[in-house]
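Novice: how would this look folded up:
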Amino acid sequence: MPSLVVTVRRRALAAALALAAVLALAVAPLPVSAHVNDVSADPQASSDGTVVVETAYVADDAWLAVYADDNGSRGDLLGVRRLDGAGFRTDHPVTIDEDIWQNWPEGEARTVHVALHNDEGSGGFDREEDGVLTSFGSEAADQLVLERGAPAYVGAGAFRPQSVDGPTVTVRSARLPTDGHLVARNVTEDDGTRTPAEPVGAAALDAGAHGSITIDLNERDYEGLGDRARIAFTVYRDDGDGEFGPADEPVRIDGRTVTTFALFNLTDDSAGGGEGSDGDDAQVTTATDEDDGLVTTTTGEDDRLVTTATDEDDGQSGGTDGTTDGAGDGGEDGPTGTDGQPGFGLLVAAAALVVGVTAHARRRRT
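Specialist: Numbering: from 1, shown residues only. Predicted coordinates:
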């Protein structure tokens, strides 16, 4: 009888701990540990064989690999890069093998895959030994269309929504093949399909790389967005008049517009939760092109919007959102992915925690 009482008490304690954890998650922002292995990338053009991954999260040392497409599956390895340590990463470049890139015709677009792999510590990347990481049964992988040509890219995805308190948003980075515009577009949703729709703001940019780009939104459109909004950002070519208008065409890679997506919290206070922030002092690393290295930043309390565009940050980013990019510009199917929000959300994280607590209780009983 005493052993039965102990068992019941342990089960009750485990259930209580699980419930308390779920309730805590329900009222607090997701911590770093709640995120899971995740990677996302978007259609892009590259002049030097660099594929830029918009967002990636790993819990330990890992490998980031790029593959050719083989009838919808991962084919030959094109390039690989080691990720040292756990954390969030944005704008992370992976270089395609030089011999492969030299034989890639100018102007040709191909589907490529990106995947996160375990690092089993054998001293180098082994595709078979270092298996693809998974999260709740799904592989940490994505695919995109890559063209050899003048660089075209845009990235705004982060690890939590950007908070804004007025009709202005900031995009982390963009590259334009010609003089043009970075255009913010509303997003419509129908049966889980997200489609970039009408423009709600634009910023004129010269050809080349740009960072921390400010886009002023139309006042009326801003007021109609609600408390949380998903916005698409698309690279457009200018028709020669220097002003964004109906004659300007979006940049397309194999029929897909160069577009990414981001979430925004529309509040009266923009402190905290800004672009590129996870709001909980998570490590975020952003790549630069000066030495192909990383600049590591730790987010703090004063994470406000940057409102001046510069040419100093030559990094890139992407982000995908499971969309069809067809409305308003005649585009074809767009990218699919995670909208820069790694993990499967609050309920999944809570469920995983319950499973962990229950398993711990069972181990103690045995």
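Novice: measure stretch 221-234 end to end?
Specialist: Taking CA to CA, to the nearest Å, the first and last residues of stretch 221-234 lie 17 Å apart.
Novice: Just the CA trace of stretch 140-153, in CSV.
Specialist: Only the C-alpha atoms of stretch 140-153 are listed here, as CSV (Å, rounded to 0.1, in the frame of the first residue of the first chain):
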residue,chain,number,x,y,z
ALA,A,140,14.3,20.7,-41.0
ALA,A,141,14.5,21.5,-44.7
ASP,A,142,13.2,23.8,-47.4
GLN,A,143,13.6,24.4,-51.1
LEU,A,144,13.9,27.5,-53.3
VAL,A,145,14.6,28.5,-56.9
LEU,A,146,18.1,29.8,-57.6
GLU,A,147,19.1,31.7,-60.7
ARG,A,148,22.6,32.6,-61.8
GLY,A,149,22.5,36.3,-62.5
ALA,A,150,22.6,39.8,-61.0
PRO,A,151,21.8,39.4,-57.3
ALA,A,152,18.1,39.7,-56.4
TYR,A,153,17.0,39.0,-52.8
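Novice: which parts of stretch 39-48 are buried?
Specialist: Neighbour-count burial for stretch 39-48, with 16 or more other CB atoms under 10 Å as criterion, is recorded at V39, S40, A41, D42, P43, Q44, A45, S46. Where you see a C-beta, it was placed from the backbone N, CA and C, and this is true even at glycine.
Novice: From L266, how far off is D165?
Specialist: If you measure D165 against L266 using CB to CB, to the nearest Å, the figure is 8 Å.
Novice: higher neighbour count, those two?
Specialist: Summary of the neighbour comparison: D165 and L266, criterion other CB atoms under 10 Å, with L266 having more neighbours (21 against 14).
Novice: bridging residues for the more buried one?
Specialist: V164 (DSSP bridges).
Novice: thought it was touching A229?
Specialist: Yes: when contacts are counted by CB atoms under 8 Å, L266 is listed as touching A229 (6.3 Å).
Novice: Show me the common contact partners of these two, please.
Specialist: Jointly contacting L266 and A229 under the rule CB atoms under 8 Å, 6 or more residues apart in numbering is no residue at all.
Novice: Please, where are all the helices along the stretch 151-300 of the chain?
Specialist: Using DSSP state H, counting those that start in this stretch, the helices of the stretch 151-300 of the chain run over 219-223.
Novice: Please enumerate the strands of it.
Specialist: Under the criterion DSSP state E, counting those that start in this stretch, strands of the stretch 151-300 of the chain are mapped to 153-155, 162-164, 168-176, 180-190, 193-205, 208-216, 228-237, 249-250, 252-253, 256-257, 259-266, 283-287, 294-298.
Novice: ranking these by burial, who's on top?
Specialist: For those, ranked by mean neighbour count under the definition mean count of other CB atoms under 10 Å, the leader is strand 153-155 at a mean of 30.
Novice: need the helix or strand of this protein with the lowest average pLDDT.
Specialist: The helix or strand of the chain with the poorest confidence is strand 294-298; it has a mean of 33 (mean pLDDT, DSSP states H and E).
Novice: circling back: biggest separation within the buried residues of stretch 39-48, which pair?
Specialist: Based on CB to CB, the longest span within these runs between V39 and A45 and measures 19.9 Å.
Novice: Put together JSON lines for the buried residues of stretch 39-48, with secondary structure on each row.
Specialist: Formatted as JSON lines, the buried residues of stretch 39-48 follow (DSSP: H, G, I helix; E, B strand; the rest coil):
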{"residue": "V39", "secondary structure": "strand"}
{"residue": "S40", "secondary structure": "strand"}
{"residue": "A41", "secondary structure": "coil"}
{"residue": "D42", "secondary structure": "coil"}
{"residue": "P43", "secondary structure": "coil"}
{"residue": "Q44", "secondary structure": "strand"}
{"residue": "A45", "secondary structure": "strand"}
{"residue": "S46", "secondary structure": "strand"}
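Novice: Nearest to D99 among these?
Specialist: Relative to D99, the closest of the buried residues of stretch 39-48 is S46; by CB to CB it sits at 16.0 Å.
Novice: Got the confidence number for the closest one?
Specialist: Note for S46: predicted pLDDT of 97.
Novice: can you start the count at 598 instead of 1 from here on
Specialist: Okay, using 598 as the starting number, the last item reads as S643.
Novice: quick one, what contacts it?
Specialist: Contact analysis of S643 by CB under 8 Å, 6+ apart lists V649, L743, E744, R745, G746, P748.
Novice: Flag the shaky bits of this structure, pLDDT-wise.
Specialist: With pLDDT under 70 as the threshold, the chain has low-confidence stretches at 598-632, 865-963.
Novice: domains of it?
Specialist: Per the record's domain assignment (automatic domain parsing), the chain is made up of the domains 599-629+944-962, 634-745, 750-941.
Novice: so how far is R827 from G646?
Specialist: If you measure G646 against R827 using CB to CB, the figure is 32 Å.
Novice: cool, and D787?
Specialist: Per CB to CB, D787 is found 13 Å from R827.
Novice: next one: G839
Specialist: Here G839 is placed at a distance of 29 Å from R827 (CB to CB).
Novice: what do you get for R757?
Specialist: Note on R757: its distance to R827, by CB to CB, is 13 Å.
Novice: Give me the common contacts of those two.
Specialist: Overlap between the neighbourhoods of R757 and R827 consists of L860, taking contacts as CB under 8 Å, 6+ apart.
Novice: Please name the residues that touch R679.
Specialist: Going by CB under 8 Å, 6+ apart, the list of residues near R679 reads D658, A659, W660, L661, D716, F722.
Novice: should've said V832
Specialist: Taking CB under 8 Å, 6+ apart as the definition, contacts of V832 comprise 749-751, 771-773, 777-780, 847-848, 854-856.
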